[in-house]
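Engineer: generate coordinates for the sequence data below:
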Amino acid sequence: MTAGPELARQPAPADPAAVQAFDHMAPVFDERFGLWRSVAAQRRAVRRALLRTFPPGAYVLELGGGTGEDALALAAAGRRVLLTDGSPAMCDRARAKVANARAEDAVTVRQATLETFESFAGALAAEDQRFDGAFSNFAALNCVADIGPVARGLARLLPRGARALLVVFGPCAPGDMLVELVRGRPRNLLRRLARGPVPARIGGHAFTVRYPGPRRLAARFAPWFRLRAIHGIGICVPPSGAEPWISGHARLLGMLEVLDRVLTRPLALLGDHILLNLERT
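Structural biologist: Purely as a prediction, here's the structure:
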C-alpha cells in the first residue's frame, strides 16, 4: 500500500544546507539540466541498470528523487515507485509532473531528508510498507555527512536478496579533471581525492559534498548489505561541467556513450559517477 501525498512545507532553517540549496533550484532545475545531453546519456545508463534489476511490477523506493524524472520513467516501464526527497519544492515539482503524466497510481511522492531517513523508514515500516528494492541517482548520498541512517533505514525496509542501486560521484574522474582544467579551475583538479567535506555551490547556494570511494561507502552499509558489482557511469561521457558545449556535438557524444557501455565494468572507478549494486544480506 502506498501512502497519500503530504502537505507541502517550506524549507526550515534547520534543514541541511544541500536541501536548502536544491530547494531554491527546484523551479528551474529541469530547465537547466533537462536539456543537457550529457546528463541524459548518464541517466540512460542508470535506467538500463534499474530496468535490469527491478522487474515489471516491482515496488521501488527512491532516495533523493528530485523532480521525478527517473520515477516517471520507471512508472512508464511498469514499475511502482515511492519517491522521497529532502526538498519540499522538489517534491512539489515531482507531484505536479506525476499528476500531469496521470501516474498517481504508480508514483507516490513524500518529503524526507536523508539525515532523518532512519526514522522515516521506521514510519514506513509501521505503515507495513515493504519494497522490492531501492535506488538513488546522481549523487544525493554525496551530500550527506553520515550515511548510517540511510543504511539502517534501508535495512528495515528491504527483504533479504533485494538490491539497492546507489549512484554516487566517482572518486577519481579524469573527465571532471579535464573540464576543470579547461575552465581554468586547477584548484578543483584533485577535489574528489579529499576525504573530508568539500565546498560546493548550486544556484549561488553553498553546501558541502564528500567523495568516499565505492569500497569505503559499501563498508558503511555492512553488515546489512554486501557489494555485488560496481559500474562506471560517465567514463567517456563528460560531466555536466562540459555543458553546454558537449550538447552541441551530438555525434561525438553518441560515440562516447557507446564506449561507456563497453567500459562500464573494467574502468568503473574512472566514472564521473559510480553505480554501487548492493544486496540485502
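Engineer: so who does the nearest residue to Ile202 once chain neighbours are set aside touch?
Structural biologist: Computed as CB to CB, 6 or more residues apart in numbering, the closest residue to Ile202 that is not its neighbour in sequence is Ala21, at 5.2 Å. Placement of C-beta: from N, CA and C, glycine included. Neighbouring residues of Ala21 by CB atoms under 8 Å, 6 or more residues apart in numbering: Arg201, Ile202, Gly203, His205, Ala206, Phe207.
Engineer: least confident pick among the residues you listed?
Structural biologist: Within those, Gly203 has the lowest pLDDT, namely 88.
Engineer: pretty sure Thr281 is touching Ala162, no?
Structural biologist: No. With contact defined as CB atoms under 8 Å, Thr281 and Ala162 do not form a contacting pair (10.2 Å).
Engineer: where in the protein is pLDDT low?
Structural biologist: Residue ranges of the chain with pLDDT under 70: 1-14.
Engineer: show me where it has its strands.
Structural biologist: 59-63, 80-85, 107-111, 133-136, 163-169, 198-202, 205-209, 225-233, 273-280 (DSSP state E).
Engineer: so Val209 bridges to which residues?
Structural biologist: Taking DSSP bridges as the rule, Val209 bridges to Val198.
Engineer: can you report how many residues neighbour it?
Structural biologist: By other CB atoms under 10 Å, 19 other residues sit near Val209.
Engineer: measure it to Ser38 for me?
Structural biologist: Val209 sits 19 Å away from Ser38, going by CB to CB, to the nearest Å.
Engineer: give the contact list for the nearest residue to Leu227 once chain neighbours are set aside.
Structural biologist: Once flanking residues are discounted, Leu227 sits nearest to Ala218: 4.0 Å by CB to CB, 6+ apart. Ala218 makes contact with Phe225, Arg226, Leu227, Leu276, Leu278, according to CB under 8 Å, 6+ apart.
Engineer: generate JSON lines for those, with neighbour count as supplementary columns.
Structural biologist: Shown next, in JSON lines, are the contacts of Ala218 (neighbours: other CB atoms under 10 Å):
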{"residue": "Phe225", "neighbour count": "24"}
{"residue": "Arg226", "neighbour count": "13"}
{"residue": "Leu227", "neighbour count": "16"}
{"residue": "Leu276", "neighbour count": "23"}
{"residue": "Leu278", "neighbour count": "25"}
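Engineer: pick the one among the residues you listed closest to Thr67.
Structural biologist: Leu276 (23.2 Å; CB to CB).
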